[in-house]
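Enquirer: model this:
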Amino acid sequence: MLRPPSSPAPWPGASSHPCARCGELTASIGLGELCPKCSKDVTRKASRTGRFAAVVTTLLLAGYLVVTLRSVAPAWQTTARTVGAAAAVAWYLLSYRIVQRIALEWLKTRRP
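Expert: Model (predicted):
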């Protein structure tokens with residue numbers, strides 16, 4: 001009786017493919033995937049880009065909210081500021097995730 005293979009590839013030693021970004025031959029990655037080094041580098045750069053874009057746009061939104069919320073009636077000032085602060089936090093989180101994901105996909109296709 002034949003024993004089952006220890007690797008998913010039909011030959012011993014599994015598969016080796018070049019990294020899609022740096023071209024280094026790496027074992028145990030799929031065709032068109034990134035090596036661990038490139039993957040870490042791309043994730044770090046995408047995260048940095050996302051944070052920068054999120055901070056800049058959130059500061060612009062906060063400035064707009066400060067100017068706009070001055071005209072709110074004094075009885076509603078506390079509520080308006082709370083809603084404005086919640087909107088700014090939500091804006092930061094959403095813009096960070098969106099920009100990070102776009103940068104991650106874009107950086108995966110670029111050569112170093």
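Enquirer: gap between the spatially most central residue of the chain and Lys108?
Expert: Among the residues of the chain, the one closest to the centroid is Gln100, at 2.9 Å (CA atoms, centre = their mean). Distance, Gln100 to Lys108, using CB to CB, to the nearest Å: 13 Å. Placement of C-beta: from N, CA and C, glycine included.
Enquirer: same deal with Trp91?
Expert: 26 Å.
Enquirer: equivalent analysis for Leu69, please.
Expert: Separation of Leu69 from Lys108 (CB to CB): 41 Å.
Enquirer: quick one on the thing from earlier: the residue nearest to the centre of the chain contacts Ala46, doesn't it?
Expert: Yes. With contacts counted by CB atoms under 8 Å, Gln100 reaches Ala46, the gap being 5.1 Å.
Enquirer: coming back round to it: what sits closest to the residue nearest to the centre of the chain if chain neighbours are left out?
Expert: Gly50 (3.2 Å; CB to CB, 6 or more residues apart in numbering).
Enquirer: can you report how many residues lie near the one you found?
Expert: Gly50 has 20 neighbours, counted by other CB atoms under 10 Å.
Enquirer: which residues in this structure form helices?
Expert: Secondary structure of the chain (DSSP state H): helices located at 36-68, 77-109.
Enquirer: circling back to that earlier point, okay, Leu69 and Lys108: which has more neighbours?
Expert: Set side by side, Leu69 and Lys108 show more neighbours around Lys108, with 17 against 14, by other CB under 10 Å.
Enquirer: give the contact list for that one.
Expert: 20-21, 34, 42 (CB atoms under 8 Å, 6 or more residues apart in numbering).
Enquirer: of those, buried ones?
Expert: Those of the contacts of Lys108 that meet the buried threshold are 20-21, 34, 42, by 16 or more other CB atoms under 10 Å.
Enquirer: run through this structure and note the low-pLDDT ranges.
Expert: Low-confidence segments of the chain (pLDDT under 70): 1-15, 112.
Enquirer: coming back round to it: let's have the helices of the chain in TSV, adding distance to Ile29.
Expert: TSV is the format used below for the helices of the chain (distance: least, CB to CB, whole Å):
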stretch	distance to Ile29
helix 36-68	8
helix 77-109	13
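Enquirer: wait, which of these is closest to Thr26?
Expert: Among those, helix 36-68 comes nearest to Thr26, with 7.7 Å by CB to CB.
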